[in-house]
Each structure stands twice: as structure tokens, then as C-alpha cells.
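> model the structure of this input:
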Amino acid sequence: MRAERFELGSGTDERTSELARSIRALAPPPAGVREAVAEIVEDVRLRGDQAVSEWTHRFDPERVGPAYASEREVQDQLERLDPAVRASLERAIANVRQTAEAELREGVRVDLPEQQRIELRELPVRRAGVYAPAGRAAYPSTVVMCAVPARVAGVEELIVMTQPGSEDAYRAILAACALCGVDDVYFAGGAQAIAALAFGTETIDAVDVIVGPGNAYVQEAKRQVVGRVGIDGVEGPTELVVVADESTDPELAALDLAAQGEHGPETLLVLATPSESVLEAVAAAAAKLSTERPTVSDAPLALVRTTSLETAVKLASAIAPEHLELAVADGEALLPLVRAAGCVFLGRNGGAAFGDYVAGSNHVLPTGGAARFAGPLGVTTFLRRQALVSLPHSAVERLAPFVGALARAEGFPVHAASAEARSQLDPSEPGASE
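Numbers count the residues shown, from 1 in each chain. Take a look at the predicted model:
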């Protein structure tokens, strides 16, 4: 981890926002992403499987994709999985499913004064695609986080795109797919995998929604196919802000920062505290972990000394991180100040690693500041709301004059005629009382 010191006084919101931008600039996206992704997406749209195979081979010569995992192979890998890993996946599935089921809502019916009825119902998309990253590591946990809410929502067909490297990673990904009831698994990564899901190829059917985290190229590809398909949001490189006070255990805080640093050098790590002694202790522990733990990347670590805990939380909200740990004596007291964060972890035991795996919350979270307007992946990601309108003749008679007046004011006289014609119909005719 590459540490850099900052100071934040009790200044204005403008100063807090300026510092948040400076901190975010420590982990900039790679240059030329939009143009590179646009080329890949268009090539896959035009040439399908051949383009996916060529782009996959270019970035990973060991794999030519889009290879398909048979149902037998998926089940075989589940049977060969380490029992402890299987038990852990099953626990994660159970907890994520229980949380997802709590999101389901009954339809809403509204009876309005003019006697018309409006019903709002939610229907699942038919097909969904899950992108499970396979960069520095493979992520069977991401399969769980995406597939379980999709199944709870009622999605009919579920495709996973991934590109695990090692045999252990391959086994864990396929085992997770088996446990989650995934229908098809293809081995292709990057922007070409997203394009294949969006447009379809000779062997891959297009989906309605694409979900899952990934690097800057994957997320840019998701942006570029919006409209063709729905997406869950922007879930790029990992982020963690830890707010600390004198009660914070420096070793635990450093472990949490280092843990997220395992995701890669694009990870954004921040410690914000009014305590100089805690800041120094965490910095020392983090530096030690960086040298002792080879899986910890050279990610940027912003060490911010603030005037108060309240200022630290306001900075965190300005950053709008994926993960926020309130590793303080009374985290709940600070919650009203938290305006933007994908997932908040409270107290000494609130390590973000629990949310990454088995706590029951979802680890597919908004990044890049998107927590200002977006939240975790969940059941609603796979649902679309539909309105049903029922108008008895009595409602038509009452409402037609309003439609007529407004439609003519907007220059649409046929809209007016469409409504008014129904008010002239015989109310005893079939359908008039629906």
C-alpha cells in the first residue's frame, strides 16, 4: 500500500468535496478505456463468437473461449470441491437468500376517487447475465451475490461469464454455479464478455440484465450497452473508507485496509480519524502488512487527519465509497451523517470482509462515487415494475373532460377524442365495467 497524508480542518463543504476529489485521484482509471471498449463491443456485435474468441485469446493466450461448461462438468466440480469451501458457499447462499427474500414486496392496489383502479406489480426479467471477475483471483462469492437474488426474484434463465485461471479457481466457480442453480457457464472475460451477453452470439443468447463487478473495461462495457440491456450499476475497483477514533484497534483497521488491497492496485483505501496516534499506529501496521503479505497490492492509502469524527464522516460521504467502516466506539451515533456509502459496517467487529462473503449483505456495490445515487445489488435489480389500469364507465365519465382539456392544451386533439369517445359508449356493453 502506498500511503499519503492529508489534513482536513473544520472547513466548508467545498473543501471537503475538494479533498474527496483529490483522494479519488489517487486511483485514476486507465487512459483510453472508452475507445478501447467501444472497439471491442462493436466487433462482438458484428462478428459474435469469433470476435469473443479472438479478443479473449489476445488478453489471455491460454484460453480461446467462449468455451462452454457442460452440466456434467459443473456437477463434477461441485463433487470435488473442498468440503470446507462448500460449507462456506452454502452458508453464504443461505444468508444472502434470506436477505434477498426480505426485499420481495407484494403488489400495490390503489382505488382512486373517480373509481378507477391502479395496480402496481413487479415482474422478473426472463434472462440475466452474471459477470464473475477473474483477474488477480476468481470470485465464486460473486456468483452467489448475483445468482441468489436473481433466483429469488424469479429470473428464468441465468448465465455466468467468467474466466478463472487455476484449477482451484475453476472448480470453485463451477461449484458455486451448481449450488446457485445457474443454467449456463461460459469462459470469456472483459468487455467482450459483456458485449456477448448484451448482443448475443451464435452460442450465447442475449440477456435482459447484466450484473456483477469488474475492472474499468468491464464497467465501461456495461455503460456502453445500457439501453440494449439493463445493468445493475457501476461496480469497478474496490473502495474502503475506515473512520476511526481512540477506541479503534489499529491492527484490525490495518488488516481491513490490507484485505481490500488484495483486490489490486486500483483499490482506493482511506483512513479518516481525528486521532494522530491512531493514524500513526494504523499507518505503521499497514506498512508492515504490505511487506509481510504478498497478496496485498500496491494500492493507494490516504491517511487523513480530521478535526473531529463528524468531519471524518462528512469526508467519507463526499467520497461515497463502496465500503464504509465506522470502527468507532459509537458508530450508530454517526449514522445520521452518512449520506453516501454502498455498505456500512459498524463497530470493532464490522470488517468489510464479512460483507464480501457470508454476512448476508451483497458485495456487488456501487463504486467510483456512484453510492451517491445507487445502492447494493438486490432482488429489485432483476424486477421491473408494471402498472395495470382498470377504468369502469363511471371513471371514464368523470375523467374524460380532464383528459380532453389537458390534451388540447398540449396540441393533441386526438388524445382528447380517444378519451371522450369512451364516455359516449353504452355502460351496459361488455368491458364497460372493467
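
> and the worst-scoring helix or strand of the chain on mean pLDDT, what does it pack onto?
Least confident helix or strand, the chain: strand 67-69 with a mean of 86, by mean pLDDT, DSSP states H and E. Contact partners of strand 67-69 among helices and strands, from 3 or more Cβ pairs under 8 Å, 6 or more residues apart in numbering; DSSP states H and E: strand 184-187. In short, each C-beta sits where N, CA and C put it, glycine included.

> after the strand it packs on comes which helix or strand?
Downstream of strand 184-187, the next assigned helix or strand under DSSP states H and E is helix 190-199.

> give me the distance from that next one to the chain's centre.
Relative to its chain's centre, helix 190-199 lies at 17 Å (Cα atoms, centre = their mean, to the nearest Å).

> now it: mean pLDDT?
Mean pLDDT, helix 190-199: 96.

> domain ranges for the protein?
For the chain, automatic domain parsing gives the domain ranges 2-27+237-359, 33-109+123-235, 391-434.

> where do the strands sit along the stretch 251-400 of the chain?
Applying DSSP state E, counting those that start in this stretch to the stretch 251-400 of the chain gives strands spanning 268-273, 300-306, 323-327, 343-346, 383-390.

> looking at these, which is buried most?
strand 323-327 (a mean of 29; mean count of other Cβ atoms under 10 Å).

> next, count neighbours for Y186.
Per other Cβ atoms under 10 Å, the neighbour tally for Y186 reads 23.

> my read is F6 is in a strand, agree?
Yes: the assignment for F6 is a strand, going by DSSP: H, G, I helix; E, B strand; the rest coil.

> hang on, isn't it packed against I23?
Yes: F6 is in contact with I23 according to Cβ atoms under 8 Å; the separation is 7.0 Å.

> could I get the strands of the stretch 251-400 of the chain as CSV with mean pLDDT?
CSV is the format used below for the strands of the stretch 251-400 of the chain (pLDDT from 0 to 100):
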stretch, mean pLDDT
strand 268-273, 97
strand 300-306, 96
strand 323-327, 98
strand 343-346, 97
strand 383-390, 94
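
> these: which one's closest to G368?
strand 268-273 (9.1 Å; Cβ to Cβ).

> would you map the strands across the stretch 51-200 of the chain?
Under DSSP E, counting those that start in this stretch, the stretch 51-200 of the chain gives strands at 67-69, 108-111, 117-124, 127-132, 157-162, 184-187.

> and of these, who's closest to G212?
Among the strands of the stretch 51-200 of the chain, if distance is taken as Cβ to Cβ, the winner is strand 127-132, at 3.5 Å.

> buried ones in that closest one?
Under the neighbour-count criterion of 16 or more other Cβ atoms under 10 Å, strand 127-132 has R127, A128, G129, V130, Y131, A132 buried.

> contacting residues for the closest residue in space to the last one that isn't next to it in sequence?
In space, not counting the residues next to it along the chain, A132 is nearest to T162; the distance is 4.1 Å by Cβ to Cβ, 6 or more residues apart in numbering. For T162, the contacting residues are Y131, A132, P133, A134, A138, Y139, V143, I173, V185, Y186, F187, G189, taking Cβ atoms under 8 Å, 6 or more residues apart in numbering as the criterion.

> just P30 next, same as before
A216.

> let me see the backbone angles for it.
When read as degrees, to the nearest 10, the backbone of P30 gives phi -60, psi 150.

> from here on, count from 43
Happy to do that; since the first residue is 43 now, the last one works out to P72.

> if I look at the residue nearest to H305 when sequence neighbours are not counted, how far off is G303?
Setting aside the residues directly before and after it, H305 is nearest to T280 in space (Cβ to Cβ, 6+ apart), at 4.2 Å. Counting by Cβ to Cβ, to the nearest Å, the gap from T280 to G303 is 8 Å.

> between those two, which contacts overlap?
Contacts common to T280 and G303, judged by Cβ under 8 Å, 6+ apart, are T309.

> so L50 bridges to which residues?
Under DSSP bridges, the beta-bridge partners of L50 are T348.

> hang on, it packs against E60?
No: under the criterion of Cβ under 8 Å, L50 is not in contact with E60, lying 9.8 Å apart.

> which of those two has more neighbours?
Legend: neighbour count by other Cβ under 10 Å for L50 and E60, higher for L50 (22 against 14).

> what residues are up against the more buried one?
So L50 contacts R57, T58, L61, A314, V346, R347, T348, T349, T353, A354, L357 (Cβ under 8 Å, 6+ apart).

> again with I65
By Cβ under 8 Å, 6+ apart, the contact list for I65 reads F48, L310, V312, A344, V346, I361.

> how about the helices of the stretch 43-192 of the chain, start to end?
55-66, 75-89, 91-101, 113-122, 125-145, 182-195 (DSSP state H, counting those that start in this stretch).

> same for the shortest one, what does it pack against?
In other words, helix 113-122. Going by 3+ Cβ pairs under 8 Å, 6+ apart, helix 113-122 lies up against helix 209-222.

> just the CA trace of the helix it packs on, in CSV.
Output in CSV follows, covering the C-alpha atoms of helix 209-222 (Å, rounded to 0.1, in the frame of the first residue of the first chain):
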residue,chain,number,x,y,z
GLU,A,209,-7.7,-25.4,-11.3
ASP,A,210,-8.9,-24.5,-7.8
ALA,A,211,-10.5,-21.3,-9.1
TYR,A,212,-12.2,-23.2,-12.0
ARG,A,213,-13.6,-25.7,-9.5
ALA,A,214,-14.8,-23.1,-7.1
ILE,A,215,-16.6,-21.0,-9.7
LEU,A,216,-18.3,-24.1,-11.2
ALA,A,217,-19.3,-25.4,-7.8
ALA,A,218,-20.8,-22.1,-6.9
CYS,A,219,-22.8,-22.1,-10.2
ALA,A,220,-24.1,-25.6,-9.3
LEU,A,221,-25.1,-24.6,-5.8
CYS,A,222,-26.9,-21.5,-7.1
